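Participant: Compute the structure for the input listed below.
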Amino acid sequence: MKRTGRPLCTRAAMYLPILAVLSCLLSAKAWAQEDSPAGQAPEQTPYTAPLDGRVRGQVQPELIEAGTVIDGKGNVLHNTRILLEKGRIVSVGPTVSAPRDAVVYDLSHATVLPGLIDVHVHITYNFGVTGRYDDTRETPEQRDLIYERSLWEMLMGGFTTVQSVGAPEDATLRDFVERGWIPGPRILTAYEPIFGSPQVGSDDVLRAKTILLQYEHADLVKIFASQSIRDGAGETLTLDQLQAICGEARKLGMRTLVHAYRGSVRNATLAGCTEVEHGTYATQDDLNLMAEKGTYFDPQVGLVIQNYLSHIPQFNGAGNLNAQGFEYMRRALSVNEKLFQDAIHTPGLKVVMGTDAVAGAHGRQVEEIIARIGLGQSPMDALISATSLNAESLRMSNEIGSIAPGQQADIIAVDGDPLTDPATLRNIAFVMKGGVVYKDMISAAAATH
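Facilitator: Numbering: from 1, shown residues only. So this is what the prediction gives:
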């Protein structure tokens, strides 16, 4: 059996001198080797069945008859058939034929898209049973059920993959979703962020923290190079420190995502980090540099701050969520809108789609897409950002992000055309992930072909 705990030294590492940190690293390595003989992942319990009773990877093929397909790569197809087998797309085209025993989904009056991807969420940020954020009175059982509800809401909102950055609980949720024990979007997690502070430690300590994240099975490294926008957005890590973390991550084959404002945007880019989050108060020179270096950029304009401001009674009093913090966020709204418009007009800049969804925003991430279109991004580019470009940033282009042969069968549908009416994205009518249908409010009853 795989252990549910992790080496206790992980959380304490930031407070220890370098020799103790490296000792923790060796302890974690020994723990991982003991837990997984021969360096292999422990065998998982066999998958049982999802909500609709069908077994993942079932032999029976499926056929989607689509009126319109937006394929995630910028193409629009009409009167198209999509053949699926064992949870993957086999073929796409107007004349695709299906075996006689195929399950058929009639989406001939709908617009079909790849499952949406959000590269920045916080699954564990929720309103508790009293309706307050970070409710200390909720029981562990209540908290876990609230996490599951958030996953369900995101899946029903059309998001079949999310990147949560991050909390240790994400790892368990990721594994349970993958095994089919709970429904939800595919999860990638940073496990636990690396924070910048005066007590952050030497470059060797930062490298050790990065290595420890690999042993914790993190999918990426989340780095706080700036304070919160609610605390003034000041720099907390230097260029040299970012180079130490992102350089070590590259050696390990791990991606890095950097929370950065002001001058930290430039530092993260020069340090070769994979992605910059937020970017408030960045300059045009910063945007040009990100484009030159191939750095992914994820600004937010349509959900996260608006969500905080519309739920002030629930958030107020939790840490820096106070009158001053809310005022800082209000001031950032117009700054972020101008930054986004500059970003989408910067040649070669890869603007991905992440929402920073927290309590009150789970399942409503399409608001970010709709807001971006309202600020001048073309509907097609906005959808590409939320599908194939996001998949590229996750290094998962061969698996998700488009409707094409070989891809995971992550497919959604809306009753309408999001290219002419983006608001149709608020009403996702069909959700399939990995060939399993979790929501179907639009097709005729599944029939045998």
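Participant: my guess is Asp101 contacts Glu85, does it?
Facilitator: No. When contacts are counted by C-beta atoms under 8 Å, Asp101 is not listed as touching Glu85 (11.5 Å). From N, CA and C alone the C-beta is placed, and that goes for glycine too.
Participant: Those two: which is more packed in?
Facilitator: Taking neighbours as other C-beta atoms under 10 Å, Asp101 and Glu85 compare with Glu85 leading, 19 against 10.
Participant: what's near enough to touch that one?
Facilitator: Pro61, Glu62 (C-beta atoms under 8 Å, 6 or more residues apart in numbering).
Participant: if we can go back for a sec, for Asp101 and Glu85, list the residues in contact with both.
Facilitator: Contacts common to Asp101 and Glu85, judged by C-beta under 8 Å, 6+ apart, are Pro61.
Participant: Which strand in the protein has the most residues?
Facilitator: As assigned by DSSP state E, the longest strand anywhere in the chain is strand 103-114.
Participant: who touches the next helix or strand after that strand?
Facilitator: Next in sequence after strand 103-114, counting helices and strands by DSSP states H and E, comes strand 116-121. For strand 116-121, the surrounding residues in contact (C-beta under 8 Å, 6+ apart) are 154, 157-165, 257, 275, 277, 298, 300, 352-357, 362, 365-366, 369, 386-387, 390-391, 393-394, 400-401, 412.
Participant: mind redoing it with 6 Å?
Facilitator: 158-159, 161-164, 298, 352, 354-357, 365, 386, 390 (C-beta atoms under 6 Å, 6 or more residues apart in numbering).
Participant: CA atoms only for that strand, dumped as PDB, please.
Facilitator: Written as PDB, here are the backbone C-alpha positions of strand 116-121 (Å, rounded to 0.1, in the frame of the first residue of the first chain):
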ATOM      1  CA  LEU A 116     -11.400  23.400 -21.800                       C
ATOM      2  CA  ILE A 117      -8.100  23.700 -19.800                       C
ATOM      3  CA  ASP A 118      -7.400  26.100 -16.900                       C
ATOM      4  CA  VAL A 119      -3.700  26.500 -16.100                       C
ATOM      5  CA  HIS A 120      -4.300  28.300 -12.700                       C
ATOM      6  CA  VAL A 121      -6.900  27.200 -10.100                       C
END
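Participant: By neighbour count, which bits of it are buried? Give me those.
Facilitator: Counting neighbours by 16 or more other C-beta atoms under 10 Å, one finds that the buried residues in strand 116-121 are Leu116, Ile117, Asp118, Val119, His120, Val121.
Participant: of the residues you listed, closest to Ser228?
Facilitator: Nearest to Ser228, judged by C-beta to C-beta, of the buried residues of strand 116-121 is His120 at 14.7 Å.
Participant: dump the residue contacts of Ser397.
Facilitator: Ala391.
Participant: Which helix or strand contains it?
Facilitator: Judged by DSSP H and E, Ser397 forms part of no helix or strand.
Participant: distance of the residue nearest the centre of the chain from Leu289?
Facilitator: Ranked by distance to the mean C-alpha position of the chain (C-alpha atoms, centre = their mean), the top residue is Gln163 at 2.4 Å. Using C-beta to C-beta, to the nearest Å, we find Gln163 at a distance of 24 Å from Leu289.
Participant: what does Leu309 give?
Facilitator: Note on Leu309: its distance to Leu289, by C-beta to C-beta, is 31 Å.
Participant: Comparing these two, which shows the higher neighbour count?
Facilitator: Shown here are Leu309 and Leu289; by other C-beta under 10 Å, Leu289 has more neighbours (18 against 13).
Participant: which SS state does the residue located most distally from the centre of the chain fall under?
Facilitator: Note on the chain: the largest C-alpha distance from the chain mean falls to Arg100, namely 37.6 Å (C-alpha atoms, centre = their mean). Classification of Arg100 by DSSP: H, G, I helix; E, B strand; the rest coil places it in coil.
Participant: Then Glu292?
Facilitator: For Glu292, the secondary structure call by three-state DSSP comes out as helix.
Participant: quick one: pLDDT of the closest residue to Thr136 other than its chain neighbours?
Facilitator: Once flanking residues are discounted, Thr136 sits nearest to Gly128: 8.0 Å by C-beta to C-beta, 6 or more residues apart in numbering. pLDDT recorded at Gly128 is 91.
Participant: Give the pairing partners of the longest strand of the chain; include direction for each.
Facilitator: Within its sheet, strand 103-114 is paired with strand 62-70 (parallel), strand 411-414 (antiparallel), strand 447-448 (antiparallel), according to DSSP bridges.
Participant: ok, which stretches of this protein are helices?
Facilitator: 9-12, 18-35, 140-156, 169-179, 203-215, 239-252, 263-270, 284-293, 304-310, 312-315, 323-344, 366-374, 379-384, 390-393 (DSSP state H).
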